[in-house]
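Undergrad: any chance you can model this:
(one chain, ligands or ions: 2)
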Amino acid sequence: MSSRAKNLRSNDTIAAVATPSGVGGIHVVRLSGPDSRRIADSIFVGRTTLSEAPSHTAHHGNIVDRSTGKLLDDVIAVLMWEPRSYTCEDTVEFSTHGSPYISGRLIEMLIANGARLAEPGEFTLRAFLNGRLDLSQAEAVADLIAARTESGHRIALAQLAGNLSNLINQLRDNLLTSLSLLEAYTDFPEEDIELSHYQQVKTTVELARGEIDKLLNSFDTGRILRDGLRVPIIGPPNSGKSSLFNYLLDHDRAIVFSEPGTTRDTISECISIGGLTVQLTDTAGLHDSCDPVENAGVERSMKAIDRADVLIALVDGTSNDLVDAVAAMTKRSGNTPILCVVNKVDLLDDSEIEALRASLSAKTLYISALRGNGIEELRQAVLESVFPGGGLREDDEIRIASIRHKAALLNAKEQLGAVALALSEQRSHEFVAFDLKLAMASLGEITGEITADEVLNRIFSDFCIGK
Ligand SMILES: Nc1nc2c(ncn2[C@@H]2O[C@H](COP(=O)(O)OP(=O)(O)OP(=O)(O)O)[C@@H](O)[C@H]2O)c(=O)[nH]1
Ligand SMILES: [Mg+2]
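TA: Ligands and ions are numbered 1, 2, ... in the order given. As a prediction, the model looks like this:
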C-alpha cells in the first residue's frame with residue numbers, strides 16, 4: 001500500500017510549501033488540520049497568540065525555533081479557521097521571505113512540532129473529502145493550475161464553478177425520481193408498471209441519454225481546449241518545416257540548415273493561437289533513407305501524424321514534385337484535417353505561383369517561413385480547422401475534457417440503453433430499476449459521489465505538492 005493510500009482519510013495536520021521551489025519574492029507555507037493552532041503557536045512569536053486570533057486575519061511576527069531560541073524569519077501568518085478554509089479545517093498560511101532555505105526550515109520546524117509533510121494534492125483531497133468541492137471540481141483545480149492559455153483557463157474555470165457538476169447532479173436527480181416511481185412497486189411485485197409512470201420514466205431516460213450524448217460529443221473540443229491542439233508540421237526534407245516552427249514560436253528553437261535531413265527527432269513546443277493552446281511539433285522530413293537514425297526520425301514523424309488533431313503539410317514551392325508530395329501526405333493523413341502549405345514563395349514569381357494555384361487545391365496556403373508572408377492566414381486556418389468561423393467562441397456549452405469523465409458517461413449511456421430496452425420489452429420494474437441504479441452510479445463517479453480510494457489516489461497524485 002502506498003503511503004497515500006494509508007493517509008487518504010487521515011485527520012492529522014499536514015504542511016507543505018505551496019509556492020514553486022526556487023528563489024522568489026515570497027514563499028507560502030501551508031498548515032492544515034486539527035492541530036494547526038497549537039503547532040502555529042509553537043513556532044510563531046508576535047503581538048498576538050495566533051490560536052486566539054479570529055479567522056480571516058493576518059498577523060506579522062517572527063518564526064522562532066524554541067529549542068534553540070534562534071530567529072528564522074519574520075513572516076505574515078494568515079488564519080482561516082474551520083470550516084471557512086479551503087480544506088474546511090483550521091489552516092494557517094505563512095508568507096516567508098522567498099528563500100528555499102527559509103521555507104524548508106519552516107517545514108522542518110512544523111514537522112518537529114507534530115505536522116506531517118503533505119502528499120501532492122492533499123489539501124485539495126481534504127477539500128473534496130470535507131465536501132468543499134466535488135470530484136470534478138477538484139480535478140478542475142489541477143487543470144486550472146496547469147492552464148497556460150485562455151482556452152485551458154476557460155474550460156477549467158467553468159468546471160471549477162460547477163457547470164459540469166450541476167448538470168450531472170440534475171440528471172441524477174431526474175433519474176432518482178424515476179427510480180422512486182419504480183420502487184413504489186416493490187410491495188406489489190405482480191403488478192405491471194402503470195402507463196403514466198412508464199411514460200414518465202421513459203421520457204426522463206431519453207432526456208438523460210440526449211444530454212449524455214451531447215457531453216460525449218463535446219469531448220474532442222473539450223480536450224483540445226484543455227490540453228491544446230496537436231499540430232505537427234510534416235513534409236519532405238528541406239521544405240522549411242523547422243523554419244516555420246521557429247517563426248511560429250518566435251525564436252530559433254530548431255536547427256535550420258540548407259542541407260536536407262537536418263531535423264532527425266521530433267521537437268514539440270506550445271504556443272497560443274488566438275487564445276487556443278497549440279502544441280506544435282517539428283518533424284523529420286518524410287523520405288526513404290538508408291540511414292537508421294534518419295529512419296528512426298521518420299518513424300517518429302509517422303507517430304506524430306497518427307496523434308495529430310490537424311496537420312500542416314509543408315512543401316517547397318520551388319520543388320518539382322510538390323504536387324505528388326501533397327497527394328502522398330493527404331493520403332497518409334486519413335481522416336485528420338490537413339492544411340496544405342506551399343513554402344518559399346519569396347523565391348517564386350507571380351506566374352509560378354499562378355501555375356501552382358492551377359494544380360493544387362483552392363484551399364492551399366502560400367507562405368514564406370523566411371520572410372513571414374502568409375503566416376497570419378496560416379494561424380487563422382489552424383484555428384478555423386477546429387472552430388469553423390474562426391476564434392474561440394464565447395459559448396456556455398458544457399464540455400468534458402477528461403478521459404475519466406468520458407469513460408463514466410459511456411458506462412451511463414450503455415446502462416441507460418439497457419433501461420430503455422427493458423422498458424420497451426415491458427420487463428419487470430426490478431429489472432428496469434437495476435440498470436437505472438447502475439447508470440446513476442456511473443454518473444455519480446464524475447462528481448465523486450462514490451469513489452474508490454485507488455481512483456482518488458490516482459487523481460490526486462497528479463497534483464503538485466502544496467495544493
Ligand atoms: N528562400 C527561402 N528559404 C527558406 C524558406 N524557408 C526555409 N528556407 C530555407 O530552406 C532550408 C531548409 O530549411 P529548414 O527549415 O531546415 O527545412 P526543414 O524542412 O526543417 O528540413 P529538414 O529538417 O532537413 O527536413 C534552409 O536553408 C532555410 O533557410 C523560405 O520561406 N524562403
Ligand atoms: Mg528541419
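Undergrad: so where is the chain shaky, pLDDT-wise?
TA: Within the chain, the stretches with pLDDT under 70 are 1-7, 189, 390-394.
Undergrad: which residues of it lie near ligand 2?
TA: Contacts of the chain with ligand 2, taken as CB under 5 Å from the ion, map to K241, S242, T262, T263. (Glycine included, C-beta is placed from N, CA and C.)
Undergrad: from what I see, the last one and E294 are in contact.
TA: No - when contacts are counted by CB atoms under 8 Å, T263 is not listed as touching E294 (9.9 Å).
Undergrad: these two: which has the busier surroundings?
TA: T263 (24 against 19; other CB atoms under 10 Å).
Undergrad: show the contacting residues for the nearest residue to A439 once chain neighbours are set aside.
TA: Excluding the flanking residues, the one nearest A439 by CB to CB, 6 or more residues apart in numbering is Q415, at 3.8 Å. Residues counted as contacts of Q415 (CB atoms under 8 Å, 6 or more residues apart in numbering) are D435, L436, L438, A439, S442.
Undergrad: same thing with L176?
TA: M440.
Undergrad: I figured S359 was touching V326, is that so?
TA: No - contact criterion CB under 8 Å: S359 and V326 do not qualify, at 9.4 Å.
Undergrad: hmm, back to that, and the next helix or strand past the helix or strand hosting the residue nearest to A439?
TA: Here Q415, judged by DSSP states H and E, is contained in helix 403-424. Next in sequence after helix 403-424, counting helices and strands by DSSP H and E, comes helix 429-447.
Undergrad: next SSE after that next one?
TA: Next along from helix 429-447, by DSSP H and E: helix 453-461.
Undergrad: mind giving me the packing neighbours of that following helix?
TA: On a contact count with 3 or more CB pairs under 8 Å, 6 or more residues apart in numbering; DSSP states H and E, helix 453-461 meets helix 3-7, helix 122-129, helix 135-146.
Undergrad: can you list the domains in the chain?
TA: According to automatic domain parsing, the chain is divided into the following domains: 3-133, 136-218+401-447, 229-386.
Undergrad: quick check, the last one touching ligand 1?
TA: Yes - judged by CB under 6 Å from any ligand atom, domain 229-386 and ligand 1 are in contact via 237-243, 256-258, 260-263, 285, 343-344, 346-347, 368-370.
Undergrad: returning to what we had before: more neighbours: which of S359 and V326?
TA: More crowded of S359 and V326, by other CB under 10 Å: V326, with 23 against 10.
Undergrad: I'd assumed the more buried one was in a helix, is it?
TA: Yes - note on V326: a helix contains this position according to DSSP: H, G, I helix; E, B strand; the rest coil.
Undergrad: and L181, how close does it get to ligand 2?
TA: Separation of L181 from ligand 2 (CB to the ion, to the nearest Å): 65 Å.
Undergrad: can you tell me the element that residue falls in?
TA: Going by DSSP H and E, L181 is in helix 163-183.
Undergrad: hmm, who's touching the helix or strand that that helix is followed by?
TA: Later in the chain than helix 163-183, the nearest helix or strand by DSSP H and E is helix 195-217. Residues from elsewhere that reach helix 195-217, judged by CB under 8 Å, 6+ apart: 167, 171, 174-175, 177-178, 181-182, 193, 398-400, 405-406, 409-410, 412-413, 416-417, 419-420, 423, 432, 436, 439.
Undergrad: what's the local residue count around M109?
TA: 21.
Undergrad: so the closest residue to L365 other than its chain neighbours: helix, strand or coil?
TA: Nearest non-adjacent residue to L365, counting by CB to CB, 6+ apart: V341, 4.7 Å away. Secondary structure, three-state DSSP: V341 is strand.
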